[in-house]
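Participant: Starting from these lines, generate the structure:
(chains A, B, C and D)
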Protein chains: 4
Amino acid sequence: MHVRDTKLTVDDITGVVGIIPTPSIPTADQPGTAFSVDLDEAATLADAMVRGGVDVLMTTGTFGECASLTWDELQSFVATVVDAVAGRIPVFAGATTLNTRDTIARGRRLGELGADGLFVGRPMWLPLDDAGIVRFYRDVAEAVPNMALVVYDNPGAFKGKIGTPAYEALSQIPQVVAAKHLGLLSGSAFLSDLRAVSGRVRLLPLETDWYYFARLFPEEVTACWSGNVACGPAPVTHLRDLIRARRWDDCQALTDELEGALETLYPGGNFAEFLKYSIQIDNAQFQAAGFMRTGPTRPPYTEVPESYLAGGREAGKNWAALQQRYASLAVSNH
Amino acid sequence: MHVRDTKLTVDDITGVVGIIPTPSIPTADQPGTAFSVDLDEAATLADAMVRGGVDVLMTTGTFGECASLTWDELQSFVATVVDAVAGRIPVFAGATTLNTRDTIARGRRLGELGADGLFVGRPMWLPLDDAGIVRFYRDVAEAVPNMALVVYDNPGAFKGKIGTPAYEALSQIPQVVAAKHLGLLSGSAFLSDLRAVSGRVRLLPLETDWYYFARLFPEEVTACWSGNVACGPAPVTHLRDLIRARRWDDCQALTDELEGALETLYPGGNFAEFLKYSIQIDNAQFQAAGFMRTGPTRPPYTEVPESYLAGGREAGKNWAALQQRYASLAVSNH
Amino acid sequence: MHVRDTKLTVDDITGVVGIIPTPSIPTADQPGTAFSVDLDEAATLADAMVRGGVDVLMTTGTFGECASLTWDELQSFVATVVDAVAGRIPVFAGATTLNTRDTIARGRRLGELGADGLFVGRPMWLPLDDAGIVRFYRDVAEAVPNMALVVYDNPGAFKGKIGTPAYEALSQIPQVVAAKHLGLLSGSAFLSDLRAVSGRVRLLPLETDWYYFARLFPEEVTACWSGNVACGPAPVTHLRDLIRARRWDDCQALTDELEGALETLYPGGNFAEFLKYSIQIDNAQFQAAGFMRTGPTRPPYTEVPESYLAGGREAGKNWAALQQRYASLAVSNH
Amino acid sequence: MHVRDTKLTVDDITGVVGIIPTPSIPTADQPGTAFSVDLDEAATLADAMVRGGVDVLMTTGTFGECASLTWDELQSFVATVVDAVAGRIPVFAGATTLNTRDTIARGRRLGELGADGLFVGRPMWLPLDDAGIVRFYRDVAEAVPNMALVVYDNPGAFKGKIGTPAYEALSQIPQVVAAKHLGLLSGSAFLSDLRAVSGRVRLLPLETDWYYFARLFPEEVTACWSGNVACGPAPVTHLRDLIRARRWDDCQALTDELEGALETLYPGGNFAEFLKYSIQIDNAQFQAAGFMRTGPTRPPYTEVPESYLAGGREAGKNWAALQQRYASLAVSNH
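Facilitator: Residues are numbered from 1 along each chain as shown, chains lettered A, B, ... in the order given. This is a model prediction of the structure:
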């Protein structure tokens, strides 16, 4: 169980870090819609995450539509999630904006609303080099000293990978407790970044990479991130239990199952193409899985080739089947 | 002289479209600075542009730090510029944000403040394909029907070039009167985009490309954009007069002079590298030219290799010399 | 008419530089075919180029399948072309290989066979930087001092654009008389490279870019390259005559016609995609135009999406119609 | 021990696959040098590899200067290596050329000279898509049926990664026994390619990645490739013994040592920059390690920033220290 104080540390980030979408109402794709969030469903979803065994909750990343929510919507959504979670697990609220001062202002307000920490990508109008990245996170950490930070390392969104030397510097900032990482897709960078942070920051691979890194570095890679939890968290919490039990062969088998279920998510197997439309494709996946209720995506991220959506829906249905299988299982530690 | 009504058309966009930075106070680089704009200097600069012969004014693009101004600052700055210009030339206010609804909300407010039109880049967290781009501008145009739009086609900032088919579609939107274009740097795209818009949208090349396109298409390429006007507008207004007089050899000579003055702006001749730091480098250029007064850049765009700044400063000084030479000249039409 | 001596100079490179494919026999796509060149057709084609008014002939570039001819085939083909041309116009033989010494050895032999010069791209297993590029061409020029060189600047094939400083250095090598350039597709590089070579090297744009650069720089851009001549040279020689007569409006109209004819050549308008399959697509174009006879492409460049071929064929047919129209016209100099 | 017949299978590829450079004479960097290979040193080096415990030998890849050897040199070098190895371990000779037919002709000749198999990259003037890649290897395999093939998957050299579906198809060609793979640097591709070949092809990671993949897939990843063996094979053969003994903690420690020794090899930690100059940098590394004797690199791959060479030399010296430490150790299987 998580016993938390005012400030979270790296040790509070273990297990499944679930990232949730922002449920939308049926007219959310219209620019004339003033308030597009389905707050009832938001509360239901957040509660379902906690009851489903997710260990840490994060909101308003890419598919959480941080970019296309109004500030008013974002506040209401985070407040709703925080209330629904009711302190049972830590909540990190997404506070990525176009500049340092806006992120600080939002971060303060989200802290007042009860978020335990912030999930922050850097401004992306121009790219930032490693010196710029480190200064950005340092400025935020100093201005919002009572909130923990999860660094959002998404090279596609933020125009470049955070370099290994920057990871070393970021790991010296006390508030930086974790980083959402590209994992295997970053090539050997996960390994060098892991070395650089030296246990001071929890590097989070995707759930489908988790087993590999956990087996190789069981003391350090004790958590993963997952957006698929919104299609049902049981497959991922099951994987967590298998990893903790060091049942490696079962981990490999479940990882293969997850990979198989998600095979159609990337159009033509092309991850770069997926990244261009990830908001739209992930939304189709969530809708098809049926674990949560959500409407369309918000403008401008509404256009997408129909065949890409079909791939997302198939992945969603496949995951729903896994959810059904694993929801009733508990891992015995033998 | 521009006689303007409620709505501008493509014919209102001729001559020099000057884009100005947002003058900053000395502590603008500190994230704790609540209000970073030097409004006095903003008024002075806007007035100097009009008196210097600039034909259209645009604000808050990339080096205008649209990204790193607070919304409060942006409103104050635009209101100040509009007041200083006092209807003498059209003013387009930058309204790029992370989503459609925020751009619409900002656009409405900037219209209330007196801006004649909006200078709008698309949201850039994820890239938009041509269908997404067209829908975005259509949504904005429909929601802010009384304002003219200048499309901001900056492939580096907004993750991709606007395609020629999208230009064709955008040119069907009545409010879209111009596009800030990459010009020669886009390869043959300027030519195909020019064909696609068929006179319905003014494509604006950079001032150093203007002569080439104006000579080839004198009826269509009747305007350019320039950020260097903030180092002194005379070289560019002089070029405009030479182009209008069809004194082509003089145009080539002046173009070569401008190119020569700006040679050190791109680090190692590398435009891609310049793009990563254009806010910081342009600021150094403006400061060194001394035509206007400005402080440091705003966070997070504050870090930059020192040698890059040196190149920017040299370009600024070179331009200042040209400003001095051309400020007193008038072009006779012989 | 060209009166040539042992060594050509930049002044010998004016007008239409035609690049021809290497006609293939019907089984050329089989790896078991020992000799794949249709030498009869090669002689016919070369003669047709001269009689059609092409000013300079080049062989065995990319679509001339320099890469996939055996050395024996390449020698026979060049010897046949040289004999057919019989000194009427200069012939540059392609001699690109994987290293300096092989290019020198081939260059010597092709000189013995009667080629006036070499058309040389740099080795491309690894990229070469500007220093490496300059040394490569200097080594070749010193080793084959009696042959003129046309530099082959194809960023896709040879892994990078030749930089402007390298052009400056290359222009100091007496044998370097011309460069096949990417033209408009290189953005503003054509202009800076033109400045760098300062009249010592003829920069050759594509025929569809020629008018633009010729109008802006009529003394310097006095030649173009064209592979479309193998679909019939008349449209290009007609353009040459219009350019020489400075009938600029007619140049623009013909350029638009050529662009229109070639519109389907680039799959989905995507030049980068065309470059991946240019050998196969160009072959389909040549076959469909019917001006020359040729069989399939040689291995390994045989696989290509069928729809790409269809685009190539349409372009070939369109060009054939232009050939018919312009073959009988002569430009009067009024 | 390797008992070999006419044809090798995937089971013959286990342990350390050493790739050796082609020792050069002092004037090898001059284009006038007709024969640049130091055959005495070649024989010594090949013998040292066998006696040092390398399990399979490959020649004439990228740093083996396949590109810049003359065909005469390549034959002499391979014949010398084959004679020196004298059947003790399998020898794969590099036979990459610019086209299918040349690779087949070379492959036949190298077989006559005694090579057991071929190490083959695809032609790279234009990129090949997956269909083109599969056809290329199939054509080679059919034409040289008695030789085993190692696929050379080098995305930088050959313009693109071999796709997972192509791996599946290649694994159906009996002669294809292994692939030199990018390993961790390919992101998650190693895992999907491993699944695709399903034990029919030995995927070879770099020695510094080997432990990770061997621990996760001990039955399948039973071999690695290494070019560092030319700086002394002992660290790699020691790693092999540790992997076979499943002494995982020691594997991690040794892997960390290897990584540390090689840290300066990539200029500024930039692998892409290394790839542009890998021939030159690797040569500096080999020279500095002093395990073998070699002269300069061959043209055109002679130019390189001096600081890059310094990084290569430091890596060579570091490796030499490891060679000294591990040369006398034997792994006990406890």
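Participant: ok, the closest residue to residue A:189 other than its chain neighbours - how many residues close by?
Facilitator: Of all residues not flanking residue A:189 in the chain, residue A:161 sits nearest, at 6.4 Å (CB to CB, 6 or more residues apart in numbering or on different chains). The C-beta positions use only the backbone N, C-alpha and C, and glycine is treated the same way. Neighbour count for residue A:161, taken as other CB atoms under 10 Å in any protein chain shown: 18.
Participant: residue contacts, residue A:161?
Facilitator: Applying CB atoms under 8 Å, 6 or more residues apart in numbering or on different chains, we find residue A:161 in contact with A:153, A:155, A:182, A:186, A:189.
Participant: Check the gap between it and residue A:188 for me.
Facilitator: Residue A:161 sits 12 Å away from residue A:188, going by CB to CB, to the nearest Å.
Participant: Pick out the lowest-pLDDT one from the contacts of residue A:161.
Facilitator: Minimum pLDDT for the contacts of residue A:161 is recorded at residue A:186 (90).
Participant: Phi and psi next, for the nearest residue to it once chain neighbours are set aside.
Facilitator: Nearest non-adjacent residue to residue A:186, counting by CB to CB, 6+ apart: residue A:161, 6.4 Å away. Per-residue torsions, residue A:161: phi -80, psi 140 (degrees, to the nearest 10).
Participant: if I look at residue A:161, how far off is residue D:206?
Facilitator: Separation of residue A:161 from residue D:206 (CB to CB): 20 Å.
Participant: Just the helices from the stretch 201-334 of chain A, written as ranges.
Facilitator: Here the stretch 201-334 of chain A has its helices, by DSSP state H, counting those that start in this stretch, at A:207-216, A:234-244, A:248-261, A:271-276, A:278-289, A:306-326.
Participant: Quick check: closest non-adjacent residue to residue A:70.
Facilitator: residue B:101 (6.0 Å).
Participant: Does residue A:149 fall in a helix, a strand, or a coil region?
Facilitator: strand (DSSP: H, G, I helix; E, B strand; the rest coil).
Participant: For the worst-scoring helix or strand of chain A on mean pLDDT, which outside residues touch it?
Facilitator: When the helices and strands of chain A are scored by mean pLDDT, DSSP states H and E, helix A:271-276 comes last with a mean of 92. With contact meaning CB under 8 Å, 6+ apart, helix A:271-276 is reached by A:156, A:185, A:265-267, A:281, A:308, B:126-127, B:129.
Participant: Report pLDDT for the closest residue to residue A:125 other than its chain neighbours.
Facilitator: Spatially, and ignoring its direct neighbours in sequence, residue A:125 is nearest to residue B:67 (3.8 Å; CB to CB, 6+ apart). pLDDT, residue B:67: 98.
Participant: Where does residue B:67 fall, secondary structure wise?
Facilitator: Counting by DSSP states H and E, no helix or strand carries residue B:67.
Participant: Residue A:195 now?
Facilitator: Assigned by DSSP H and E, residue A:195 falls in helix A:189-197.
Participant: Please give the centre-to-centre distance between that helix and its chain.
Facilitator: Distance, stretch centre to chain centre, for helix A:189-197: 20 Å (CA atoms, centre = their mean, to the nearest Å).
Participant: tell me the angle of that helix relative to helix D:207-216?
Facilitator: Interaxial angle of helix A:189-197 relative to helix D:207-216 (axes from the mean of the first three to the mean of the last three CA atoms, to 10 degrees): 100 degrees.
Participant: Name the residues of helix A:189-197 that come out as buried.
Facilitator: Of all the residues in helix A:189-197, those buried under the rule 16 or more other CB atoms under 10 Å in any protein chain shown are A:189-194, A:196-197.
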